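Chemist: Please find the sequence and the predicted model below.
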Amino acid sequence: MSAKIDPITRSVVQHRLSSIVKEMGEAMLRTSYSQILNSSRDFSLGICDTRARLIAQADHLPVHVGALPWATIAVEERFKDVKPGDVFLLNDPYYGGSHLPDLTVFVPVFDGDKRLLWTIVRAHQSDIGGATHGAYNPGATEIWQEGLRIPPIRLSEAGRPREDLLEMLALNVRNPREFRGDLAAMLGAAHLGERRVAKLFSEFGAPVVEAAIEAILDATEAQTRAVVSTWKDGVFHGEAFLDDDGHGRTDIRIAAKVTKKGSDVEVDLTQSDPQSTSFVNSSHANMQAAVAMAFAYLIDADIPKNTGALRPLKVIAKQGTIVWADPGRPVTLCTSHPSNEIVEAIVKAMSASCPERAMAGWSRRFRIAIQGEDPRTGKQFIWHLFQARPGGGASSGGDGYSSIGEWHSVGGLKFGSIEVAEARFPLHFRQHEFRPGSGGDGQFLGGLGVALDLVLETEKPSRGNTAGDGARHGPCGMLGGEDGEPHHYRLLSEGREPRVLRTKEVGIELHPGDCLEIRSSGGGGWGPPSKRSAEARRRDAEQGLTSVSAKRRG
């Protein structure tokens, strides 16, 4: 391998790798079966090398991508006889996965007999078996109640699919047709990446590509260290709280101690609260991803988010805590919570070191999954709420984005077309609009959440599950900004008293014609409200963004 590579070749290789993962994402979007993928885009792509270094990623979900190196380590440790045409699969949180709904596919890329890279696809399944539909089980007290566990397995061997394994996997989920279709889309996208990288090898030669990758990672590290070195040195503390675990325990604390010295940052999470009996625990890979997310949000946006960018970062955590659960503990909620709270605690801490880079809190996830029968077809359906996206946090750059989503996805999850959702499911979106007054006040306002009234157009009773957080604690204000309004969801059902939906419920009885009154959270405000300009206040009033009367209506 050449010791040096010219900057033009390095840039060309870098952009080619980036375009490959983007093309893989487009293939997923166009070929997947379930609405959670082809509409809401709950998937991510990456390229890692055999040393489990993240080389390139597409701009999808940071919480997915940050965990991919740990999944790659699990595959590398398990299989020493990888051959061309092999395909590997895993989802287990204790083997580099984040939570069970996220399947991860690995395809090796060879140059001749030498294996150099992996093309990787991680995608959330609409069901993964277990005790409840839709993958999230608020009642789980052990991981075996959450769904099908898949350690690293060889799904195809030298180009021959293992049909016995595919049959076994599909048999253990509630919607086997969608599952098989989505898995086929993942395999297709990973193989597409494999072909594109192989073409890159043939055009430049593998040694040149390898040298370019080393140069890319080194240049990214240098860019990152140049930014970090401008921040204030010191030891900083931040904390954030989960509402509850659904089993009677409230205000679960995530504590971050951040030490910044020179161009190095150490994040210590060891003082976080003990692990829970419920699914609010985090797996190790997910915790690492959350810390990487927080760091990535603080450095420059145009710095490539690869392993080079994370070299200045060191993570310290303790097993048995809420951020790193013992094997066997349930963890399904972890990609949302405590991921968001880990990010929030770290950014709060770093607001004393680099205040202009510290965003206010983004909203938390509060999802609903509904299982029922579509009267138009007589078939069973599982629908996941991706509408009513909450607001993003404000920053020194301006007001937060409205209805952008949560901190762990930063806009990567989409709510998709309401008309398509109504066509595919027995649902009517009677109202779906911004929720005035939901964003935190400040020099810059938090983004608005959404007011949604969703009516079930079923003929038989359905069942719902909720999974999320943020009905007690709204997204944090930053540097004098105010917190955003928390979530507020209610079930309106003829003949029954309206009731508030908790963030962690299972087996909610839904009658035909019931209305889910959903009021999602707004983002946190940034800076003291007294510093917001009079012109901005006038514009806020004209647009109805901060109407007190509207805020009282919810």
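Modeler: Nice, I can see it.
Chemist: burial count for Leu165?
Modeler: 15 (other C-beta atoms under 10 Å). Where C-beta positions appear, they are placed from N, C-alpha and C, glycine not excepted.
Chemist: Excluding residues flanking it in the chain, which one is nearest it?
Modeler: Distances taken as C-beta to C-beta, 6 or more residues apart in numbering put Leu155 closest to Leu165, at 6.1 Å, once the chain neighbours are dropped.
Chemist: mean confidence score for whichever strand or helix holds that neighbour?
Modeler: Element membership for Leu155, per DSSP states H and E: strand 153-157. For strand 153-157, the mean per-residue pLDDT is 97.
Chemist: Name the residues of it that come out as buried.
Modeler: For strand 153-157, the neighbour count (16 or more other C-beta atoms under 10 Å) marks Ile153, Arg154, Leu155, Ser156 as buried.
Chemist: I'd guessed the residue nearest to Leu165 sits against Glu163; true?
Modeler: No: applying C-beta atoms under 8 Å, one finds Leu155 not in contact with Glu163, separated by 10.1 Å.
Chemist: where along the chain do the helices fall?
Modeler: Secondary structure of the chain by DSSP state H: the helices cover 7-31, 35-38, 62-65, 68-78, 163-171, 176-204, 206-228, 284-298, 307-310, 339-350, 418-424, 534-543, 548-553.
Chemist: Ok, which of the ones you listed comes nearest Ala140?
Modeler: When the helices of the chain are compared by C-beta to C-beta, helix 284-298 sits nearest Ala140, at 16.0 Å.
Chemist: For that closest one, enumerate the helices and strands it packs against.
Modeler: helix 62-65, helix 68-78, strand 264-268, helix 307-310, strand 313-316, helix 339-350 (3 or more C-beta pairs under 8 Å, 6 or more residues apart in numbering; DSSP states H and E).
Chemist: rank those by pLDDT, which is bottom?
Modeler: Of all the helices and strands packed on helix 284-298, helix 62-65 carries the lowest average pLDDT, namely a mean of 93.
Chemist: which other residues reach it?
Modeler: Residues outside helix 62-65 that contact it (C-beta atoms under 8 Å, 6 or more residues apart in numbering): 43-44, 46, 54, 57, 98, 102, 122, 286, 289-290, 292-293, 296, 305, 335, 339, 408-410, 412.
Chemist: Was I right to think Ile518 contacts Val450?
Modeler: Yes: taking C-beta under 8 Å as the definition, Ile518 is a contact partner of Val450 at 7.4 Å.
Chemist: which residues do these two both contact?
Modeler: Residues touching both Ile518 and Val450 (C-beta under 8 Å, 6+ apart): Ala388.
Chemist: what sits against Arg253?
Modeler: Glu239, Ala240, Phe241, Ser272, Asp273, Ile322.
Chemist: and which of those is nearest Gly523?
Modeler: Proximity of these to Gly523, judged by C-beta to C-beta, is greatest for Ala240, which lies at 14.5 Å.
Chemist: Quick check: the gap between Ala471 and Leu310.
Modeler: According to C-beta to C-beta, to the nearest Å, Ala471 stands 33 Å off from Leu310.
Chemist: now swap in Arg532 and tell me
Modeler: Arg532 sits 36 Å away from Leu310, going by C-beta to C-beta.
Chemist: Ok, Cys476 next?
Modeler: Taking C-beta to C-beta as the measure, Cys476 falls 24 Å from Leu310.
Chemist: between the two, who's got more neighbours?
Modeler: Neighbour count, other C-beta under 10 Å: between Cys476 and Leu310, Cys476 has more, with 29 against 25.
Chemist: Run a quick check on Val208 versus Thr9, I expect a contact.
Modeler: Yes: with contacts counted by C-beta under 8 Å, Val208 reaches Thr9, the gap being 6.6 Å.
Chemist: ok, Asp102 touching Ala123?
Modeler: Yes: shown here, Asp102 and Ala123 form a contact pair, counting by C-beta under 8 Å, at 7.0 Å.
Chemist: Only the buried residues of stretch 194-202, if you could.
Modeler: For stretch 194-202, the neighbour count (16+ other C-beta under 10 Å) marks Glu194, Arg196, Val197, Ala198, Leu200, Phe201 as buried.
Chemist: what does stretch 69-80 give?
Modeler: By neighbour count on 16+ other C-beta under 10 Å, the buried set for stretch 69-80 is Pro69, Trp70, Ala71, Thr72, Ile73, Ala74, Val75, Glu76, Phe79.
Chemist: Touching it from outside, list them.
Modeler: Residues outside stretch 69-80 that contact it (C-beta under 8 Å, 6+ apart) are 48, 50, 52-54, 86, 88, 90, 95-97, 104, 106, 118, 120, 122, 151-152, 154, 284-285, 288, 307.
Chemist: Filter those down to the ones in strands?
Modeler: Counting by DSSP state E, the contacts of stretch 69-80 place Cys48, Leu54, Phe88, Leu90, Thr104, Phe106, Trp118, Ile120, Arg122, Arg154 in strands.
Chemist: quick one: contacts for the residue nearest to His133 when sequence neighbours are not counted?
Modeler: Distances taken as C-beta to C-beta, 6+ apart place Gln371 nearest to His133, at 4.0 Å, with adjacent residues excluded. Neighbouring residues of Gln371 by C-beta under 8 Å, 6+ apart: His133, Gly134, Arg174, Gln380, Phe381, Ile382, Ser462, Arg463, Gly464.
Chemist: now Gln371: how far from His99?
Modeler: As for Gln371, its distance to His99 is 19 Å (criterion: C-beta to C-beta).
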